[in-house]
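> Sequence and computational prediction follow.
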Amino acid sequence: MINSSDINQPYSKQNKNPPEDYQNNHNRQHKRHNNGSIEYSSQLSTFNHNNTRQPPSSFESQHRIETQPFSKNIVAKHYNAIPVVTKRSREVSVIFGLKRFNNWIKSVLIASYTKIGYKVLDLGCGKGGDLTKWSKHQISEYVGLDIAANSYPVNNVIAQKDFKAHIVSAQFSIHYAFDSEIRVRQLLSNVANHLYSGGHFIGTTLNAYWLAKKKESTKSCKFGNSVYSIEFNENNGSSPFGLEYTYNLIGAIQGCPEYLVHLPTFKKIAKEYGLNLILNMPFHEYYKQNINNQKYNTLFHVMNVVDAKNTRISDDEWEAIGMYMVFVFQKD
Ligand SMILES: C[S@@+](CC[C@H](N)C(=O)[O-])C[C@H]1O[C@@H](n2cnc3c(N)ncnc32)[C@H](O)[C@@H]1O
């Protein structure tokens, strides 16, 4: 049996660096399962028991096999091309501080809404980098979904119509859905259908308000600094959907098309699906709100977000961090 200290081990004092790379998570899941450990690993193993990958799934699709519109193929291609990140390559990354900081934000968000035994649906789960954050809370089931075939784990929850979760999580992924109203509606319909009443839809995304303000103040469609650049499509119209920009984050995202998440529109449509916006907050503010909480402050240091002299996050990284926000909806 895995005891709670094993589950907390990634953040424990003995091992200050949370293992975030895909390979580590992969191995750990199987080890736990073989030990007859916590339920969620057997859930993962059930989905992967014969070691074959499921076809990639989109969080906006109603059926497993779907014709992917062009833009979604670009996103999948982009994420498939990203090599597996090892702990070493993270250490040398220019945005090491930003990545650690973002992981802390996600950890706090997850900790704020997760209880022991919860079932979780992770939309746009990527390579499974958040698995340890969830396992800390002894959840009972974890189902991840991603459009990129290289991602892990890949499951087809949309086809499992009766699957319900206490939390639906979409970390850094909903902005890809905002190219059309149909896609946003399908995403929200899937979220609502798979969420228990009273459950939470939590996530992180780019803050459209910040981006629009930055565009205005720089009086340019293109802006950035040494770690990121954003270039708005000059042909963007006035619709709240399809407001395209290209995002570059050094060593992480290169020229992937994304779309502004127009929050008033998101909030209004979500309401139609019984999802009520209860929190939206830029990362800087969310940090200020939580850093004095002793538990999260300890986690901040254990996760090595900054070193003893608080020197890990550069000014340029801090500016880039400012463009993200957290959101939380609660289902009626
Ligand atoms: C920036 S990554 C975030 C990965 C992970 N959630 C994290 O926080 O590390 C965005 C992920 O969303 C996935 N994604 C984008 N559009 C998607 C869609 N329509 N359906 C499912 N996954 C999608 C991408 O393949 C990618 O893995």
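Structure's in. What do you need?

> Got the confidence number for residue 18?
As predicted, residue 18 sits at a pLDDT of 27.

> Ok, residue 94 next?
79.

> Isn't residue 326 up against residue 201?
No - proximity of residue 326 to residue 201 does not meet the contact threshold set by CB atoms under 8 Å, at 11.7 Å. Using the backbone N, CA and C atoms, a C-beta is placed for each residue, glycine as well.

> Just the terminal-to-terminal distance for stretch 163-175.
Stretch 163-175 stretches 24 Å from its first residue to its last (CA to CA, to the nearest Å).

> which helices and strands sit right next to the helix or strand where residue 328 lies?
Taking DSSP states H and E as the criterion, the element that holds residue 328 is strand 324-331. In this structure, strand 324-331 packs against helix 96-113, strand 195-206, strand 275-282, helix 283-290, with contacts taken as 3 or more CB pairs under 8 Å, 6 or more residues apart in numbering; DSSP states H and E.

> Who does that strand pair with, and is each partner parallel or antiparallel?
Pairing partners of strand 324-331, with direction, according to DSSP bridges: strand 195-206 (antiparallel), strand 275-282 (antiparallel).

> who touches it?
The set of residues that contact strand 324-331 without belonging to it, under CB atoms under 8 Å, 6 or more residues apart in numbering, is 102, 105, 109, 113, 172, 191-192, 195-207, 210, 266, 270, 274-283, 286.

> average pLDDT across it?
Here the average pLDDT along strand 324-331 is 98.

> ok, back up a step: comparing the strands paired with strand 324-331, which stretch has the densest surroundings?
For the strands paired with strand 324-331, the largest average neighbour count (mean count of other CB atoms under 10 Å) is found in strand 195-206, namely a mean of 21.

> if we can go back for a sec, as a markdown table, the helices and strands packed on strand 324-331 with distance to residue 246 would be great.
Putting the helices and strands packed on strand 324-331 into a markdown table (distance: least, CB to CB, whole Å) gives the following:
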| stretch | distance to residue 246 |
| --- | --- |
| helix 96-113 | 19 |
| strand 195-206 | 12 |
| strand 275-282 | 22 |
| helix 283-290 | 21 |
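
> Could I get these in a markdown table, plus columns for distance to the ligand?
Supplementary listing: the helices and strands packed on strand 324-331 in a markdown table, determined by distance: least, CB to the nearest ligand atom, whole Å:
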| stretch | distance to the ligand |
| --- | --- |
| helix 96-113 | 6 |
| strand 195-206 | 7 |
| strand 275-282 | 17 |
| helix 283-290 | 13 |
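
> So which of these is nearest residue 218?
Between residue 218 and these, the shortest gap by CB to CB is with strand 195-206, which sits at 16.3 Å.

> Show me the shaky parts of the stretch 51-200 of the chain.
Within the stretch 51-200 of the chain, the stretches with pLDDT under 70 are 51-57, 59-92, 149-160.

> What ranges does it have for its strands?
119-123, 141-145, 165-171, 195-206 (DSSP state E, counting those that start in this stretch).

> and residue 132, which of those is closest to it?
Nearest of the strands of the stretch 51-200 of the chain to residue 132, taken as CB to CB: strand 141-145 at 11.0 Å.

> Strand 165-171 and that closest one, what's the angle between them?
Counting by axes from the mean of the first three to the mean of the last three CA atoms, to 10 degrees, strand 141-145 lies at 40 degrees to strand 165-171.
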